[in-house]
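Chemist: coordinates only, no sequence provided:
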């Protein structure tokens, strides 16, 4: 198995080589399955991970549960792991930096850290403290700064949203960010404008309205995340199957999409 530093270096390289597709996992089982399907790196969805632990999304997950979950995920992976930590589960930059350093020590190569609807200056402080703390510890981490300008409609649609996004990108880059995550943007002209001027690898969140992968590459996008979409899909499928089982019992037909016991067990036998 490669060392953490080698996986982190690989993770950085993946942002310069085509379009990195991240199918976000929410526990060790889904992470191992995603990796087995050929994913070049694994990412967590903060929402899916929180739901799997019995908590709502939105900085409600206890940090202790985050550490426990990441430890189990990192144990089964051979590819780089990046973890979505929402706003860092604290408004104290030093506390967030401590959290990130511990995650890196658990085997994490990258993090997502968001500004939400708060002061962008706070995210800048968190990023700079993380960078300093990791540098002092002699470790590296890819910091993907997420701005919610589009997702939370923090600026008028169109040119104003692009302008606000780029202003924040410049501040986050100066603070030490390695990537820019802009969930919610789907218009080609706006994607191109952000990718061209941000001076950071651009990460988008999957939406059905987005252009295809070839077009995204031409627009300058370097990373596409599924976010919570796969967790939502799995929950919806489980709900439908459970309702059918409770209603039909022994008359329920076998699920043609189900993985067999042997196939699933073999997946973890070597983990």
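Modeler: Nice, thanks for sending it over. Just so it is clear, the structure is predicted and the values come from calculations on it, not from any experiment.
Chemist: toward the C-terminus, what is the element adjacent to the lengthiest helix in the chain?
Modeler: As far as residue count goes, and with DSSP state H defining each element, the longest helix of the chain is helix 229-248. Toward the C-terminal end, the helix or strand that comes next after helix 229-248 (DSSP states H and E) is helix 261-269.
Chemist: residue 57 contacts residue 26, doesn't it?
Modeler: No - applying C-beta atoms under 8 Å, one finds residue 57 not in contact with residue 26, separated by 10.9 Å. All C-beta atoms are positioned from the backbone trio N, CA, C, and that covers glycine.
Chemist: burial check on residue 29, number of neighbours?
Modeler: Neighbour count of residue 29, defined by other C-beta atoms under 10 Å: 17.
Chemist: ignore the last one, residue 197
Modeler: Neighbour count of residue 197, defined by other C-beta under 10 Å: 15.
Chemist: ok, back up a step: neighbour count: residue 57 and residue 26, which is higher?
Modeler: Comparing residue 57 with residue 26 by neighbour count (other C-beta under 10 Å), the higher total belongs to residue 26, at 24 against 17.
Chemist: list the contacts for the closest residue in space to that one that isn't next to it in sequence?
Modeler: Computed as C-beta to C-beta, 6 or more residues apart in numbering, the closest residue to residue 26 that is not its neighbour in sequence is residue 48, at 3.1 Å. Under the criterion of C-beta atoms under 8 Å, 6 or more residues apart in numbering, the contact partners of residue 48 comprise 24-26, 30, 228, 230-231.
Chemist: of all the residues you listed, which comes closest to residue 268?
Modeler: Ranked by distance to residue 268 (C-beta to C-beta), these are led by residue 30 at 11.9 Å.
Chemist: is it possible to export the contacts of residue 48 to CSV including distance to residue 267?
Modeler: Below are the contacts of residue 48 laid out as CSV (distance: C-beta to C-beta, whole Å):
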residue, distance to residue 267
24, 18
25, 13
26, 16
30, 11
228, 23
230, 17
231, 19
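Chemist: would you check how far apart residue 238 and residue 48 are?
Modeler: Going from residue 238 to residue 48 by C-beta to C-beta, to the nearest Å gives 13 Å.
Chemist: next: residue 30.
Modeler: The span separating residue 30 from residue 48 equals 8 Å under the rule C-beta to C-beta.
Chemist: need the overlap of contacts for the two.
Modeler: In contact with both residue 30 and residue 48: residue 230, using C-beta under 8 Å, 6+ apart.
Chemist: what ranges does the stretch 1-150 of the chain have for its helices?
Modeler: Applying DSSP state H, counting those that start in this stretch to the stretch 1-150 of the chain gives helices spanning 4-14, 28-36, 46-52, 63-76, 93-105, 120-137.
Chemist: so which of these is the most packed in?
Modeler: Neighbour counts (mean count of other C-beta atoms under 10 Å) averaged over each of these peak at helix 46-52, with a mean of 23.
Chemist: so what does the longest helix of the chain touch, helix or strand wise?
Modeler: Using 3 or more C-beta pairs under 8 Å, 6 or more residues apart in numbering; DSSP states H and E as the contact test, the elements touching helix 229-248 are helix 46-52.
Chemist: just to revisit the earlier point, what would the contacts of residue 48 look like in CSV with pLDDT and distance to residue 36?
Modeler: As requested, the contacts of residue 48 are exported to CSV (pLDDT from 0 to 100; distance: C-beta to C-beta, whole Å):
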residue, pLDDT, distance to residue 36
24, 98, 16
25, 98, 11
26, 98, 16
30, 98, 11
228, 98, 21
230, 98, 15
231, 98, 18
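Chemist: from those, which two are the most distant?
Modeler: For those, and using C-beta to C-beta, no pair is farther apart than 30 and 228, which are 12.0 Å apart.
Chemist: great, nothing more from me.
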